[in-house]
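>>> Turn this into a structure:
(one chain, ligands or ions: 4)
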Amino acid sequence: QAKKRGRNRCELESSAHGDPDDGRMNRRGELRRAIEDGELCLFYQPQIDLISGQMNGFEALVRWDHPDRGLLAPSAFIDFAEESGLILPLGAWVINAAVAQQAAWHRSASERPPVRMSINISAIQLNDPRLEEMVTEALERHGVAPGLLTLEVTETALTADPDAALRTLEILKALGVRLAIDDFGTGHSSLTYLKRFPIDELKIDRSFIAGLTTDSKDHAIVASCVQLAHATNLIAVAEGVETPTQLSALTELHCDLAQGYFYTRPMSAEDLEPWFIPRPENMRLDESQLVNQ
Ligand code: C2E
Ligand code: MG
Ligand code: MG
Ligand code: MG
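Ligands and ions are numbered 1, 2, ... in the order given. You can find the predicted model right below:
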């Protein structure tokens, strides 16, 4: 096994000088194997209700536990997965694994109210006619209520072919799942789509949150996004909240949920477990973690 991996790595490196297709094929084979051999895993990041201070839900984020390169973030392989078509089996793995994990949490804490989970759906998955069936099957197989699952799509995924996207979203919505626009404000979403699409949540991109307390334009943009969300009956979620001042600004703006390093980085399923227990220290705990970083 080690020999096989070593050889693949050499080929990947030498491909820079040789036939580029060789490297591509190897990369494809490597990612396909990763999906099949269980090298992918999910990390989870809590979304905190800004009124109660408790975890309201969490986002599942894929990682590749690479045998040689260690834990890889999506930026290292999602683009390639999309180009190579492997995003479909990868996305199918994510849907099933995330829903299975959520079901396990519900079973282990049936006395607590179930917590919502969000997963990311790429544009290519959104165009896949099998998406609806895949989501339905995962929910049924694991016995998770559709309303506890949110599918996050980016504006770009919606604007490439808006009519097709609308049809797909309506089908998904009919299943009872929730829908969110991810990275809101960075794509080319028009207000028409907000009106037409059956969306439940608007996730304000973290680039605006980054300047929230230092740049008056970012502050105005975030304020407008929250107002827009509420005016159209959507929940406003802030991404990438890193500081207590950003958090208090978001609270003042009546943003609903916040997610970010201020609370915690995405973490393993095991590490998320304490977050299910309602406790006021959750916030203070992570403030101290932030100081230690
Ligand atoms: P996203 O869906 O917008 O996810 C949020 C990203 O922001 C995550 O990066 C998260 O770790 C990061 N983040 C959270 N809080 C903070 C913060 O306070 N500061 C900063 N600087 N970053 C923060 P991650 O996990 O590396 O994922 C990156 C992107 O990869 C995701 O962006 C999503 O577009 C994509 N992705 C992740 N998992 C999946 C998946 O299962 N399927 C698909 N298709 N795409 C995925
Ligand atoms: Mg997301
Ligand atoms: Mg996002
Ligand atoms: Mg993003």
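>>> ok, and does the longest strand anywhere in the chain reach over to ligand 2?
Longest strand in the chain, counting residues (DSSP state E): strand 55-66. No - with Cβ under 5 Å from the ion as the criterion, ligand 2 is not reached by strand 55-66; the gap is at least 5.6 Å. All C-beta atoms are positioned from the backbone trio N, CA, C, and that covers glycine.
>>> what are the pairing partners of the next helix or strand after that strand, and which direction each?
For strand 55-66, the succeeding helix or strand toward the C-terminus, using DSSP states H and E, is strand 70-72. Counting by DSSP bridges, the strands paired with strand 70-72 are strand 55-66 (antiparallel).
>>> In the partner strand, which residues are buried?
Burial within strand 55-66, assessed by neighbour count using 16 or more other Cβ atoms under 10 Å, is assigned to 55-64, 66.
>>> cool, and stretch 161-174?
For stretch 161-174, by 16+ other Cβ under 10 Å, it's 165, 168-169, 172-173.
>>> how about those in CSV, adding pLDDT?
Output for the buried residues of stretch 161-174, formatted as CSV (pLDDT from 0 to 100):
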residue, pLDDT
165, 93
168, 96
169, 97
172, 97
173, 98
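>>> In helices only, show me those.
Of the buried residues of stretch 161-174, the ones assigned to helices by DSSP state H are 165, 168-169, 172-173.
>>> does residue 24 sit in a helix, a strand or a coil?
helix (DSSP: H, G, I helix; E, B strand; the rest coil).
>>> Look up the pLDDT of it for me, please.
You'll see residue 24 listed with a pLDDT of 78.
>>> what's the neighbour count on it?
Neighbour count of residue 24, defined by other Cβ atoms under 10 Å: 15.
>>> how close does it get to residue 85?
Relative to residue 85, residue 24 is positioned 12 Å away (Cβ to Cβ, to the nearest Å).
>>> can you check residue 124 too?
Distance, residue 124 to residue 85, using Cβ to Cβ: 8 Å.
>>> and what of residue 161?
Counting by Cβ to Cβ, the gap from residue 161 to residue 85 is 18 Å.
>>> circling back to that earlier point, neighbour count for residue 124 and residue 85, which is higher?
Between residue 124 and residue 85, counted using other Cβ under 10 Å, the more crowded position is residue 124 (17 against 11).
>>> What residues does this protein have near ligand 2?
120, 152, 182.
>>> which residues in the chain form helices?
Counting by DSSP H, the helices of the chain are 2-14, 20-36, 78-84, 87-108, 123-126, 131-142, 155-159, 162-175, 191-196, 206-210, 216-231, 244-252, 269-272, 281-292.
>>> Quick check, the residue in the stretch 1-150 of the chain closest to ligand 2?
residue 120 (4.5 Å; Cβ to the ion).
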